[in-house]
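1. here's my sequence, what's the structure:
(chains A and B)
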Amino acid sequence: MIAMLYEHRFRAMNTDVGVWLWSGGAEHAPIVHSSFSWAQGFFARVEQELSRFRSTSALNRLNQLAGCGPQAVPPLLWSVLDAAFRAANDSGGIYDPTLCRTIDRLGYDRSFECVERTGEAHEDPPMPAFCAWQRVQLTSADRSVSLPPDLALDLGGIAKGWTVDQVALALAPIGPVLVDAGGDLRAVGTVNGEAWPVAVQDPFEPERDRALVRLRRGALATSSRGGRCWQRGSRTLHHVIDPRTGTSANSDLHTVTVYAPDTMKADVAAKVVLVLGSESGRVYLANRDLSALLTNADGRDTIVGDFPYEVESHGSIRCA
Amino acid sequence: MKTAATTGPANGARAQRPSGAAASGQWWKAWVLLTSLGATVFGWVAFSTGEPPVESAVVAPDTAPRPTQVAPARHMNELEQTRPLPPSDGMLPAMPQKPVFQAPVTRTRRS
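-> Got it, this is the predicted structure:
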């Protein structure tokens, strides 16, 4: 009996999701298909509970009750919140899940395909909100959250990474698996020790690839100024916010791809390094034993740590 | 039937060439042996299980079977019911030979 590679693609969380799973032939097909069904349902369930754009989501209900004291939250929301606040603490506040109002104010106040790409600049100055996350009270005993009246939570990226990790780990007992949600991806297991080949998109020419990563285990996530961006007045804004300035990050980096043990870590690290810039970003990565491909605004690439990439056969990496 | 006798050099005797009658007897035996062998090989090929060679069974990512998309479950109970069950030990089949992938499976991209 020979293993087969099964593939399942669907839309969730406003992005393309792909799941690849090695398993047996026809006799294993039912369990593979029910696993794919579960994975798609799980993505849908997380989106339903954690999207800031869904009025009925548990996250939105919590945001609407800001200033009303401690609120008990469902287990799924609690799990992601707990991870998000740990990440905020670990990053010294550079990653902050409480920047929802800031990004709304900058113009990203609805699902991105509905955001107006051009518009007038906001007349009020930016709202720096550094370490605002410290004003939120989380009580693990009763899984309750107390939000100050001026704050709202956005778990977009970290919720996606968390879901990718959960699905990959749930499917791993069936066979080697790769889960990809909009470029945030996690591999568990290999076939005959052969790594999963994953391309790294060229941030300046999206139809081309920059490099090839051989992923034996762990996760990749990319954060970029060139992805979701829009214009307000003369300024080009993007969705990665620097909490120290209250506006879109403006470091020397254009795109960051991080390799980490899990997708949630990779996603947070990619954002933090994009905000910090190349110099402080290198320190941040080194202190956490993470590796990355950093691309400057002028297109030059820098490899940090033991990033598992190849360039000879694929892509056009341009190291400084 | 007389057969060609050979003796090792240790006893000093020379090997004798087989006579004409003995040689034709040898060819007949060889013919029977080869015919039997051929029949055996033919039968093995004709009645084997017909499993394809390992390489031909590798499914490339772009040709892998795509299961029908299933509408997402709406309630937690449904989700719990459809949660995949891990197979028992030893259930995982043999993996195909290298190289499995001819191209990237997917790509990490700006988000």
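
2. ranges for the helices of the stretch 101-250 of chain A?
-> With helices called from DSSP state H, counting those that start in this stretch, the stretch 101-250 of chain A shows them at A:156-171.

3. how about low-confidence regions in chain A?
-> By pLDDT under 70, the weakly predicted segments of chain A are A:1, A:123, A:311-320.

4. so where's the longest helix in it?
-> helix A:29-50 (DSSP state H).

5. need the next SSE after that one, C-terminal direction.
-> As assigned by DSSP states H and E, the chain's next helix or strand after helix A:29-50 is helix A:58-64.

6. how far is that following helix from where the chain is centred?
-> 20 Å (C-alpha atoms, centre = their mean, to the nearest Å).

7. helix or strand next in line after that helix, which one?
-> Once the chain leaves helix A:58-64, the next helix or strand it forms, by DSSP H and E, is strand A:71-72.

8. tell me how far that next one lies from the chain's centre.
-> With C-alpha atoms, centre = their mean, you get 26 Å for strand A:71-72.

9. output the next helix or strand after it as CSV, nothing but the C-alphas.
-> Next in sequence after strand A:71-72, counting helices and strands by DSSP H and E, comes helix A:75-90. Coordinates of each C-alpha in helix A:75-90 appear next as CSV, following Å, rounded to 0.1, in the frame of the first residue of the first chain:
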residue,chain,number,x,y,z
PRO,A,75,-12.8,28.9,26.2
LEU,A,76,-11.6,29.4,22.6
LEU,A,77,-11.5,33.2,22.9
TRP,A,78,-9.7,32.8,26.2
SER,A,79,-7.0,30.5,24.7
VAL,A,80,-6.1,33.0,22.0
LEU,A,81,-6.3,36.0,24.3
ASP,A,82,-4.0,34.3,26.8
ALA,A,83,-1.5,33.6,24.0
ALA,A,84,-1.8,37.1,22.7
PHE,A,85,-1.1,38.8,26.0
ARG,A,86,1.8,36.5,26.6
ALA,A,87,3.2,37.6,23.2
ALA,A,88,2.6,41.2,24.1
ASN,A,89,4.6,40.8,27.3
ASP,A,90,7.4,38.8,25.6
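
10. and helix A:75-90, is it in reach of chain B?
-> No: counting by C-beta under 8 Å from any C-beta of the partner chain, chain B has no neighbours in helix A:75-90; the shortest distance is 9.3 Å. C-beta: built from backbone N, CA, C; applies to glycine.

11. buried ones in that helix?
-> By 16 or more other C-beta atoms under 10 Å in any protein chain shown, the buried positions in helix A:75-90 come out as A:76-81, A:83-85, A:87-88, A:90.

12. go through the longest helix of chain A and flag the buried ones.
-> A:31-47, A:49-50.

13. A:Asp209 contacts A:Val198, correct?
-> No: between A:Asp209 and A:Val198 there is no contact under C-beta atoms under 8 Å: 9.7 Å.

14. need the overlap of contacts for these two.
-> B:104, B:107 (C-beta atoms under 8 Å, 6 or more residues apart in numbering or on different chains).

15. these two - which one has more neighbours?
-> Between A:Asp209 and A:Val198, counting by other C-beta atoms under 10 Å in any protein chain shown, A:Val198 is the more crowded of the two (26 against 21).

16. next up, the contacts around the more buried one.
-> A:Val198 makes contacts with A:178, A:185, A:212-215, A:220, B:104-108, as judged by C-beta under 8 Å, 6+ apart.
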